[in-house]
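Participant: below are the sequence and a predicted model; questions follow.
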Amino acid sequence: MKLSKISELLDAELNRLDKGQSSATQMLLRLFEAQVQYQRERRVERRIVESKLPERKTLIEFDFEFQPGLDRHQIMELSTMGFVSRRQGVILAGNSGTGKSHIAKALALQGCKHGYRVRYTSAAEMLTALFASLADDSLEQKLKRYLNPDLLVIDELGFDRLEREDARNAALFFKIIDGRYTKRSTVLTTNIDFEQLGHYLGDPLVTTAVVDRMVHHSTVINITGPSWRLEESKQLNQHEKKSKTTTATARKAPVKKKTPAAKRSSAK
């Protein structure tokens, strides 16, 4: 029956039963609960691996005090995954380094834990894969990768320059957004204004239809705070300067010469 966890715990539980430390009913209950928990954890782990998440971020690690303009209650409400069951979207907009990707990855991880099928991709990676599928006539098959998951996270829209500046990028992106519109949930992060998406995707007209579907039925969160990366770089530079100053001061410190009395004492 492939009850591997029960097999692992059975001898110890039978020993407790033999010593009168447990009843047969209690033993069976513990064994089956352990097996269920083990299978649940394996299922979650499998979903995380299949999601292609590059790293496992959590909201516990997110420093909300660094971004005081961000509504913590709103983000924590999103982490309950209610928006996925309602087939709604989330758009995280703001400058680079403000924590958009962290939140998006944390929501993807939460989705896996809630039993949803999740897929993570960057916008450039997704469009590159779809563009390549046009050459071997595998577009319909590739589209399923991004249309079927309960939750799709499209990260860094506008961050990377696309390999091919082609109007077909907008058409391909439209296929994803329109195919998921009101059917599945999509989390999208971007560091450019919606007005600039037309230039990024190569077709302003199609992009207008894309934005219309993206914004409708979605929670839009603008993060206008400072950059995490700039702050960490600043702290690192300050630490290095302090370390160099301390080392230079130690090197320049004068060496005390021994007095005649000290020399005679040392000789003795």
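Facilitator: Everything's here; your move. If you're wondering where the values come from, they're calculated on a predicted model, not measured in any experiment.
Participant: count of residues packed around residue 136?
Facilitator: When neighbours are counted by other C-beta atoms under 10 Å, residue 136 registers 9. For the C-beta atoms, the positions are set from N, CA and C on the backbone; glycine is no exception.
Participant: no wait, residue 35
Facilitator: Burial measure for residue 35: 19 neighbouring residues, criterion other C-beta under 10 Å.
Participant: tell me the first helix or strand C-terminal of the longest helix along the chain.
Facilitator: In the chain, assigned by DSSP state H, the helix with the most residues is helix 24-51. Beyond helix 24-51 on the C-terminal side, the first helix or strand identified by DSSP states H and E is helix 72-78.
Participant: what residues of the strand or helix carrying residue 172 count as buried?
Facilitator: In this structure, residue 172 sits in helix 168-180 according to DSSP H and E. Of the residues in helix 168-180, those scored as buried under the neighbour-count criterion (16 or more other C-beta atoms under 10 Å) are 168-170, 172-177, 180.
Participant: and what of stretch 195-204?
Facilitator: For stretch 195-204, the neighbour count (16+ other C-beta under 10 Å) marks 197-198, 200-203 as buried.
Participant: and the helices in this protein?
Facilitator: Counting by DSSP H, the helices of the chain are 4-18, 24-51, 72-78, 82-85, 100-113, 123-133, 139-147, 168-180, 194-201, 204-215, 228-252, 260-267.
Participant: returning to what we had before: now the angle from the helix holding residue 172 to helix 139-147?
Facilitator: Inter-element angle recorded for helix 168-180 and helix 139-147: 60 degrees (by axes from the mean of the first three to the mean of the last three C-alpha atoms, to 10 degrees).
Participant: residues touching the closest residue to residue 179 other than its chain neighbours, list them.
Facilitator: Here the nearest residue to residue 179 in space, its sequence neighbours aside, is residue 147; by C-beta to C-beta, 6 or more residues apart in numbering that works out to 4.6 Å. Applying C-beta atoms under 8 Å, 6 or more residues apart in numbering to residue 147 gives the contacts 176, 179-180, 184.
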